[in-house]
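Colleague: Can you look at this prediction? I've put the sequence above it.
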Amino acid sequence: MDQSSGERRLAGETGTKPADGPTTLTSRSRELEDVSFGAIVDVATDSRMLWATPDGLEVVGRGVAAQVTASGPERFDRIRAQTARVFDALDHDGPAVARPRAFGGFSFHDGHESGPPWTGFGAASFVVPRTLVVRSDEGTWLTTVGNDPDEATARLEHWIERLDDMPTMQPSGTAPGIDSTTRTTSREIWTEQVETALERIERGALTKVVLAQALSVELDEPVDIPGTLERLRRRYPNCYRFLIGHEVGGTFFGAPPERLVSKHGTRVETEALAGSVPRSDAPEEDEAYADQMRDSEKVQREHGLVVEAIRDQLEPLASELQIDDQTIRRLANIQHLQTPISATLEGDRHVLEIVEALHPTPAVGGVPPAAAWETIRDAETFDRGWYAAPVGWFDGNGDGEFAVGIRSGIATDETVTLFAGNGIVADSDPDDEWEEVQLKFRPILDELR
Ligand SMILES: C=C(O[C@@H]1C=C(C(=O)O)C=C[C@H]1O)C(=O)O
């Protein structure tokens, strides 16, 4: 269907589909009664995306009005330049809330290439969906994009009919069941990896590195990803939720607690989220875990590195920067130390400039960045792909929002590969770090059992 066959991208190349780039695009919008977002993306044969934020914005998209891809160190700029052309050619006839947006993300490393389990996911890829449904406090809106006004309107009418036949409430489905799991990293190898990182830290070459593991889960039957995300919404209401699937390849999905950035005009919100302890059903024990994290010199050092790095990256771009008081971020199965950070930008910037400046923060990378990246590459035996990398959307004004793609997995047929990592600093204990990583697999793993 949507011009996605024959995708061939060389390293450092940029692509826009349709191949020559559209000369014009038109969008049409209409307000809707409520509709099940899960039902709209409950297909595997079409490009699909879902994006939901803790503050209640929810968007689903289907099909491809335009797709841009890029790789190499210039990938952020290239995506920005390519989509600028798409948005410039686009005439949106509808309210701002229903405006077309580009959804997608980046791989963790800029040299990443598409390949199993990350087939369809190169170093950077964004789609402006042909059909978009947005739910916010301004209502629920359907938007369709076409090459001319007639096509956009015809698609709008067609989708209104289709949505009429769809349920307003999609059942949240059942777990597919787990047949077997395979770890990329045994406990012994993990201990070696952490000890190697600790030696580098001791030698002074490295201050912090986030090491991760992958867990490949064979399912009894294919997973219903929209249903899984709906169940995750109930258990993790204060997390983001996302799904990105192309016509060919796997579906990347997750429920990350961590905002990389949201930008509206010159206003930027981000956060440092680092430091992890379990939850407990017993309120006193739960509080004791939080106290232990707050009072730990090691965790404070680890967290402080993230705050500092974000501050250093944002300060040159900002006329004002505010670092709020540290809080405890409680999720159903884990608690984190969180510091909200906001800034007013000096002049107009594109959200991708902020994404580029921040990724990867030491919450998922390390300090100093080059030594951390080298340690990650030496240690990790799997492909991070889009794990722990920016995932989100932006619009024609350069506004947008990105989460950090953690608490996530890539699903292909009856396999889901999950990813989770943890920050290693001086005094880290390999066994404690192992336990924290296992906790971070749990949100999705629990919904697959
Ligand atoms: C790396 C992950 O989480 C990150 C690492 C954390 C830590 O080291 O304590 C906490 C939150 C996240 O920023 C993950 O979930 O995979």
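Modeller: All right, it came through fine.

Colleague: What residue in the protein is the furthest from its centre?
Modeller: Asp150 (34.5 Å; Cα atoms, centre = their mean).

Colleague: what helix or strand is the closest residue to the ligand within the stretch 201-350 of the chain on?
Modeller: Closest contact between the stretch 201-350 of the chain and the ligand, by Cβ to the nearest ligand atom, is at Ser276 (3.6 Å). Glycine gets a C-beta too; all of them are placed from N, C-alpha and C. Applying DSSP states H and E as the criterion places Ser276 in strand 267-278.

Colleague: what does the helix or strand following that strand rub up against?
Modeller: As assigned by DSSP H and E, the chain's next helix or strand after strand 267-278 is helix 283-295. The contact list for helix 283-295 (Cβ atoms under 8 Å, 6 or more residues apart in numbering) reads 275-280, 299-300, 326, 328, 330, 335, 337.

Colleague: is the ligand contacted by the helix or strand following helix 283-295?
Modeller: Following helix 283-295 in sequence order, the next helix or strand is helix 297-314 (DSSP H and E). No - Helix 297-314 stays clear of the ligand (Cβ under 6 Å from any ligand atom), getting no nearer than 6.7 Å.

Colleague: Which neighbouring elements make contact with helix 297-314?
Modeller: Packing partners of helix 297-314 (3 or more Cβ pairs under 8 Å, 6 or more residues apart in numbering; DSSP states H and E): strand 267-278, strand 318-323, strand 334-345, helix 351-358, strand 415-425.

Colleague: Let me know which of the ones you listed is tucked in deepest.
Modeller: strand 415-425 (a mean of 25; mean count of other Cβ atoms under 10 Å).

Colleague: Neighbouring strands of that strand in the sheet, and parallel or not?
Modeller: strand 208-219 (antiparallel), strand 408-412 (antiparallel) (DSSP bridges).

Colleague: ok, and for stretch 226-235, which residues are buried?
Modeller: Neighbour-count burial for stretch 226-235, counted by 16 or more other Cβ atoms under 10 Å, picks out Pro226, Gly227, Thr228, Leu229, Glu230, Arg231, Leu232, Arg233.

Colleague: scratch that, stretch 154-167 is what I was asking about
Modeller: Using 16+ other Cβ under 10 Å as the test for burial, stretch 154-167 gives Arg155, Leu156, Trp159, Leu163.

Colleague: so can I have a markdown table of those showing pLDDT and distance to the ligand?
Modeller: Formatted as a markdown table, these follow (pLDDT from 0 to 100; distance: Cβ to the nearest ligand atom, whole Å):
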| residue | pLDDT | distance to the ligand |
| --- | --- | --- |
| Arg155 | 94 | 38 |
| Leu156 | 95 | 39 |
| Trp159 | 93 | 36 |
| Leu163 | 89 | 35 |
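
Colleague: Out of these, the closest to Thr53 would be?
Modeller: Of all the buried residues of stretch 154-167, Thr53 sits closest to Leu163, with 22.5 Å by Cβ to Cβ.

Colleague: secondary structure element for the closest one?
Modeller: Per DSSP H and E, Leu163 falls inside helix 149-165.

Colleague: Just the angle for the helix or strand following that helix relative to strand 208-219, thanks.
Modeller: Downstream of helix 149-165, the first helix or strand assigned by DSSP H and E is strand 178-183. Per axes from the mean of the first three to the mean of the last three Cα atoms, to 10 degrees, the angle that strand 178-183 makes with strand 208-219 is 150 degrees.
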